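K.L.:
Build me a structure from this.
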Amino acid sequence: MTMKKLLALSAWCFAAHAMAQTPVLTVYTYDSFTSKWGPAPKLEELFEKQCQCDVRFLPFEDGITMFNRIRLEGKKTKADVMLGIDNFTMEEAQKSGFFIEHELTVEDFPWQNEVFFPYDYSEYAFIYNKEKLAQPPRSLKELVERQDLKVIYQDPRTSTVGRGLLFWVNSVYGDKAEDAWKTLAKHTVTVGKGWSETYGAFLKGESDLVLSYATSPLYHQWHEKTDKYVAAQFEEGHLVQTEVAAITKVSKQKALAKQFLQFLHQAQAQNVISYHNVMKPVVGTDAVPAFKALPEYKQLAFIQPSSETVRKWLASWQQSW
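P.N.:
Purely as a prediction, here's the structure:
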């Protein structure tokens, strides 16, 4: 073997050894988080500089789809961190026993949870184009009852956003919720699996309104330089979604996963998440000042229902179609 070949082989062996020694952190999340405009690419770059590790984001259509995949995989899951379920799904996820306590302190936030770590939040809202819809609904009940409005929302069985609407409708209508679903179904264009699919359909002009977030208009202001997209304000109030992350019980990188959760609250990470996920920061509220310019949305008080109640609500929703 020539000296040149020997040196090349030596270099290859060194690189292979280095790769074998580099720890890998696998993060399950949802597809818009990992898209080219989402936070994941920048977060990966920033965290890898701190951890000297390889971060791999694995996307799913939506948060509930992601959680269901972890339940299906069980002890064989590759996930070290699950990022992207919310406060409305936490109880079910915690009861699953698939996640461990993070042992971290969440400062300056309204609630604490020993397993789930918040990283952003926003009010749910229906988005419309003010250049096309001159008279938007002023309440959830008006949205449900106005048959002239074409509506798109997400499936509550697969989407955290759709699950939010499930809770929202039941909070407002109570035992009349099934009738409300039947009325809404008459002018619902489609119920999509996830946010990306449904929001994309709305932007193509397939509906007058789409279920999203009160912060969504900021995306269009920042990236498209337009203020024509508006989040409708509902007089009943809006439910607040808080997105959370958690460490899986079977992770072989628990220390690294904990470090990643801590990283999510660093100012630079909160800035990236707020801007690229277009959601409000949970710490360092000055991370993106534009959020302060948004209208104030009345927040609807909410008490987390039992898992059995959620199953009944889902069954009621399905019967309306």
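K.L.:
Just read off the phi/psi values of residue 120.
P.N.:
Per-residue torsions, residue 120: phi -160, psi 170 (degrees, to the nearest 10).
K.L.:
How many neighbouring residues does residue 186 have?
P.N.:
11 (other CB atoms under 10 Å). In short, each C-beta sits where N, CA and C put it, glycine included.
K.L.:
err, residue 50, not the other one
P.N.:
Counted with other CB under 10 Å, residue 50 comes out at 12.
K.L.:
host element of it?
P.N.:
helix 40-51 (DSSP states H and E).
K.L.:
Identify the residues contacting that helix?
P.N.:
By CB atoms under 8 Å, 6 or more residues apart in numbering, the list of residues contacting helix 40-51 from outside reads 23, 25, 27, 29, 33-34, 53-55, 57, 256, 259-260, 263, 268-269, 272-273, 276.
K.L.:
So how do I select the buried members of these in PyMOL?
P.N.:
Typed into PyMOL, the line below selects the buried ones among the contacts of helix 40-51, using 16 or more other CB atoms under 10 Å:
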select buried, resi 25+27+29+33+34+53+55+57+256+260+263+269+272+273+276
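K.L.:
ranges for the strands of the protein?
P.N.:
24-30, 54-60, 81-86, 99-100, 117-129, 151-154, 188-192, 209-213, 229-231, 240-248, 280-281 (DSSP state E).
K.L.:
Show me what the longest one is packed up against.
P.N.:
Counting contacts by 3 or more CB pairs under 8 Å, 6 or more residues apart in numbering; DSSP states H and E, the secondary-structure elements packed against strand 117-129 are helix 160-173, strand 209-213, helix 216-223, strand 229-231, strand 240-248, helix 267-277, strand 280-281.
K.L.:
Columns distance to residue 200 and mean pLDDT on top of the ones you listed, output as a markdown table?
P.N.:
Output for the helices and strands packed on strand 117-129, formatted as a markdown table (distance: least, CB to CB, whole Å; pLDDT from 0 to 100):
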| stretch | distance to residue 200 | mean pLDDT |
| --- | --- | --- |
| helix 160-173 | 14 | 96 |
| strand 209-213 | 9 | 98 |
| helix 216-223 | 13 | 94 |
| strand 229-231 | 13 | 98 |
| strand 240-248 | 20 | 97 |
| helix 267-277 | 17 | 94 |
| strand 280-281 | 23 | 92 |
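K.L.:
and the helix holding residue 50, what's its mean pLDDT?
P.N.:
Helix 40-51 shows a mean pLDDT of 97.
K.L.:
Would you mark the buried spots in it?
P.N.:
40, 41, 42, 43, 44, 46, 47, 51.
K.L.:
angle of it against strand 81-86?
P.N.:
Our comparison of helix 40-51 with strand 81-86, counting by axes from the mean of the first three to the mean of the last three CA atoms, to 10 degrees, yields an angle of 140 degrees.
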